[in-house]
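Trainee: Fold the following.
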Amino acid sequence: MLHPTVRLVVWGAAAALVQWLPLADLSLACVAALAAGGLLAPKRLGILLKRTRWLIVSLVLLFALSTPGVYLLPSLGSLGPTEEGLRLGFEHLMRLLFLLATLAVLLQMTEVEGLVAGLHGLILPLSWLGLDRGRVAVRLMLVMQYVEQSTPGRHWRAWLDGANVEPVVGVVRLSRVRFSLVDYAVLVGLTFGVIVFLGGAP
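Mentor: Numbering: from 1, shown residues only. The predicted model follows:
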């Protein structure tokens with residue numbers, strides 16, 4: 001199993017590189033990501049899709065109605081969608097679905113402690129500027145534990161008002177795992193792959 005930091009780096013690189021994929025490759029990547037999410041993390045993927053459904057609809061409508069081009073419904077004039085707008089909306093929709101599906105797999109394969117440990121390693125360069133990354137990691141873990149332990153269905157106003165806030169009681173453990181040879185090999189391979197990809201990108 002890869003180090004949590006390496007998993008975050010791989011996911012971040014994939015999230016960035018998918019923005020430059022052409023339509024054909026983007027379609028394949030989106031289908032593969034959705035298949036992996038549906039197989040490995042169906043519940044988490046369903047939750048993410050449900051929570052972002054209005055963002056998805058807004059994204060498609062925004063591009064379809066605001067992008068200049070050939071109107072698909074000339075009778076509506078400037079209020080109608082354009083062919084170019086639908087194409088752009090579809091491309092951005094696939095990018096968003098790719099991110100959500102891969103994020104669902106990442107969250108399924110990495111527990112809260114693993115995510116915090118991954119972030120702890122990821123912000124190592126900031127510690128050279130004086131940032132206490134241990135304190136940042138512990139605070140993040142406390143927040144995530146509070147969210148997980150809180151009563152489901154609480155209204156968002158209750159969160160803002162701080163009503164009936166239950167303190168998180170327990171011992172906070174920040175696991176620190178050493179990098180293995182596989183982790184270093186993945187990072188080297190990822191770096192080489194990114195350089196080749198960016199070098200061949202138009």
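Trainee: Could I get the full set of helices for the chain?
Mentor: With helices called from DSSP state H, the chain shows them at 4-17, 23-40, 42-51, 53-66, 83-109, 112-122, 124-127, 133-149, 156-161, 181-200.
Trainee: Pull up the gap between the residue in the chain sticking out farthest from the centre and Gly89, please.
Mentor: The outermost residue of the chain, judged by C-alpha distance from the chain's mean C-alpha position using C-alpha atoms, centre = their mean, is Ser75 at 39.5 Å. Plainly put, Ser75 is 21 Å away from Gly89 if you go by C-beta to C-beta, to the nearest Å. Placement of C-beta: from N, CA and C, glycine included.
Trainee: And the lowest mean pLDDT element among the helices and strands of this protein?
Mentor: In the chain, the helix or strand scored least confidently by mean pLDDT, DSSP states H and E is helix 156-161, which has a mean of 51.
Trainee: one step back: could the helices of the chain be laid out in CSV, adding mean neighbour count?
Mentor: Rendered in CSV, the data for those read as follows (neighbours: other C-beta atoms under 10 Å):
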stretch, mean neighbour count
helix 4-17, 18
helix 23-40, 15
helix 42-51, 14
helix 53-66, 14
helix 83-109, 19
helix 112-122, 20
helix 124-127, 11
helix 133-149, 15
helix 156-161, 10
helix 181-200, 12
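Trainee: which of these has the lowest average pLDDT?
Mentor: For these, the stretch scoring lowest in mean pLDDT is helix 156-161; its value is a mean of 51.
Trainee: which residues does the residue lying closest to Met94 once chain neighbours are set aside contact?
Mentor: Using C-beta to C-beta, 6 or more residues apart in numbering and skipping residues adjacent in sequence, the residue nearest Met94 is Cys30, 4.1 Å away. In this structure, Cys30 makes contact with Met94, Arg95, Leu97, Phe98, Ala101, judged by C-beta atoms under 8 Å, 6 or more residues apart in numbering.
Trainee: let's see 7 Å
Mentor: Applying C-beta atoms under 7 Å, 6 or more residues apart in numbering to Cys30 gives the contacts Met94, Leu97, Phe98.
Trainee: and it, how far is that from Pro74?
Mentor: From Cys30 to Pro74 the distance is 31 Å (C-beta to C-beta).
Trainee: likewise Val182?
Mentor: To Pro74, Val182 is 58 Å away according to C-beta to C-beta.
Trainee: try Phe98
Mentor: As for Phe98, its distance to Pro74 is 33 Å (criterion: C-beta to C-beta).
Trainee: How about Leu198?
Mentor: Computed with C-beta to C-beta, the distance linking Leu198 and Pro74 is 41 Å.
Trainee: try Arg178
Mentor: Relative to Pro74, and taking C-beta to C-beta, Arg178 is found at 64 Å.
Trainee: likewise Gly37?
Mentor: Counting by C-beta to C-beta, the gap from Gly37 to Pro74 is 39 Å.
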